[in-house]
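Engineer: need a structure here:
(2 chains)
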Protein chains: 2
Amino acid sequence: MTLILGIDPGSRITGYGVVRDTGRGCEYIASGCIRTGSGELQERLLIVFRGVREVIQTYGPVTMGIEKVFMARNADSALKLGQARGAAIVAASEEGLEVAEYSASQVKQAIAGTGGADKQQVQMMVMHLLKLVQKPQIDASDALAIALCHAHHRQSLIPHGLATAKRRGGRLRL
Amino acid sequence: MTLILGIDPGSRITGYGVVRDTGRGCEYIASGCIRTGSGELQERLLIVFRGVREVIQTYGPVTMGIEKVFMARNADSALKLGQARGAAIVAASEEGLEVAEYSASQVKQAIAGTGGADKQQVQMMVMHLLKLVQKPQIDASDALAIALCHAHHRQSLIPHGLATAKRRGGRLRL
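Structural biologist: Purely as a prediction, here's the structure:
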């Protein structure tokens, strides 16, 4: 019964998702967006930092997954994304959470069974896996996908979990 | 008598410099480097965050200057720089400091009187302005230059200071 946080940071919107790993699958706990508005850089980063801290203090996750960035569109957007990412990672670290990074294809593989799945497929699988009746906002859904991927990979570190995951072809068990 | 912090963030080394603005110029207080080592991203960002916080708690600056980034070399280095920058800005914001950004040419203009000054000229002027007998490490020196630039621009906001600065052609008074 581990509470897991997924974070999808962005310069304007940071998505978050919290799931409970029961050992036999994951249950939905919470998800949402931290909107940074259009203030000064300092103010926007503080909103990300405090927003992530508030989510952690409210739900009590013990570990966090975050998407690894391989290719940002350009240097300017990479800088902005990096700043938001730095604020989010530091907030989790200060609260004592371990932070793991996953590539986009690792997340897709864990959720949809293929690294080439598109955003809609991932979102549908997130809804299916967590038995959601309403479609979450896209950043919240991406954050939930990261949390589910993190749950999956953490399980894989347990010898039995690893075997189960391998038999199922690296796909998250339903 | 305002204590001013300058920060030059980087993914490996973050320089810091603290000066005291006496109203008739600036005095050297401290400078140094926060080295992030080669650990995990989470660990390195936490070193920047806690390092900047420790400098603030040790010397008690009330305001911070940081260099604005216009053109990062590439998206990958921009992302890494952004993460360190995010951690540093959030540390200062959490300690209640206001954060101001200056372009590289604004820093050079304030220190050496021309936006086209090279790194060595800036370093020599930092030593001269702060009466340093030893050359500081380059990241520490850059951070001191940013602190001096911030002191200069803060003075410019005071009507009398503005007039003085203008008479001196926008150059930091010696």
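Engineer: any idea what residue A:101 is structurally, helix, strand or coil?
Structural biologist: Remark: residue A:101 carries the secondary structure label strand [criterion: DSSP: H, G, I helix; E, B strand; the rest coil].
Engineer: who touches the nearest residue to it once chain neighbours are set aside in this structure?
Structural biologist: Excluding its sequence neighbours, the residue lying closest to residue A:101 (CB to CB, 6 or more residues apart in numbering or on different chains) is residue A:68, at 4.2 Å. Every residue, glycine included, has its C-beta placed from N, CA and C. Each residue near residue A:68 by CB atoms under 8 Å, 6 or more residues apart in numbering or on different chains is listed here: A:101, A:102, A:103, A:104, A:106.
Engineer: Without its sequence neighbours, what residue ends up closest to the residue of chain A found nearest chain B?
Structural biologist: Nearest residue of chain A to chain B: residue A:82, at 2.1 Å (CB to the nearest CB). Leaving aside its sequence neighbours, residue A:82 sits nearest to residue B:82 (CB to CB, 6+ apart; 2.1 Å).
Engineer: ok, now which ones touch the one you found?
Structural biologist: Listed by CB under 8 Å, 6+ apart, the contact set of residue B:82 reads A:78, A:79, A:80, A:81, A:82, A:83, A:85, A:86.
Engineer: What pLDDT is listed against the second one?
Structural biologist: I take that to be residue A:79. Here the pLDDT value assigned to residue A:79 is 92.
Engineer: So it is in contact with residue B:83, correct?
Structural biologist: No: judged on CB atoms under 8 Å, residue A:79 makes no contact with residue B:83 at a distance of 9.5 Å.
Engineer: Give me the more crowded residue out of the two.
Structural biologist: A side-by-side neighbour count of residue A:79 and residue B:83, using other CB atoms under 10 Å in any protein chain shown, places residue B:83 first with 29 against 25.
Engineer: Verify the stated contact: the more buried one with residue B:41.
Structural biologist: Yes: counting by CB under 8 Å, residue B:83 sits close enough to residue B:41 to count as a contact (7.2 Å).
Engineer: got a list of what the closest residue in space to residue A:132 that isn't next to it in sequence touches?
Structural biologist: In space, and not counting its chain neighbours, residue A:132 is closest to residue A:28: 6.2 Å by CB to CB, 6+ apart. By CB under 8 Å, 6+ apart, the contact set of residue A:28 is A:19, A:130, A:131, A:132, A:144.
Engineer: Near chain B, which residues of chain A are found?
Structural biologist: A:41-43, A:45-46, A:48-49, A:69, A:71-87, A:89-94, A:98-99, A:101 (CB under 8 Å from any CB of the partner chain).
Engineer: For PyMOL, write the select line for the buried members of those.
Structural biologist: Listed next is the PyMOL selection for buried residues among the residues of chain A next to chain B, using 16 or more other CB atoms under 10 Å in any protein chain shown:
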select buried, chain A and resi 41+42+45+46+48+49+69+72+75+76+77+78+79+80+81+82+83+84+85+86+87+89+90+91+92+93+94+99+101
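Engineer: Looking at the residues of chain A next to chain B, which are in helices?
Structural biologist: The members of the residues of chain A next to chain B that map onto helices under DSSP state H are A:41-43, A:45-46, A:48-49, A:75-87, A:89-94.
Engineer: show me the residues around residue A:135 that make contact.
Structural biologist: Contacts for residue A:135 (CB under 8 Å, 6+ apart) come out as A:123, A:127, A:141.
Engineer: What pLDDT does the model give the residue lying farthest from the centre of chain A?
Structural biologist: Distance from the C-alpha centroid of chain A, by CA atoms, centre = their mean, peaks at residue A:40 (26.0 Å). pLDDT recorded at residue A:40 is 92.
Engineer: okay if I get the contacts of residue A:68 as TSV plus pLDDT and distance to residue B:60?
Structural biologist: As requested, these are exported to TSV (pLDDT from 0 to 100; distance: CB to CB, whole Å):
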residue	pLDDT	distance to residue B:60
A:101	95	36
A:102	96	41
A:103	93	43
A:104	92	44
A:106	95	45
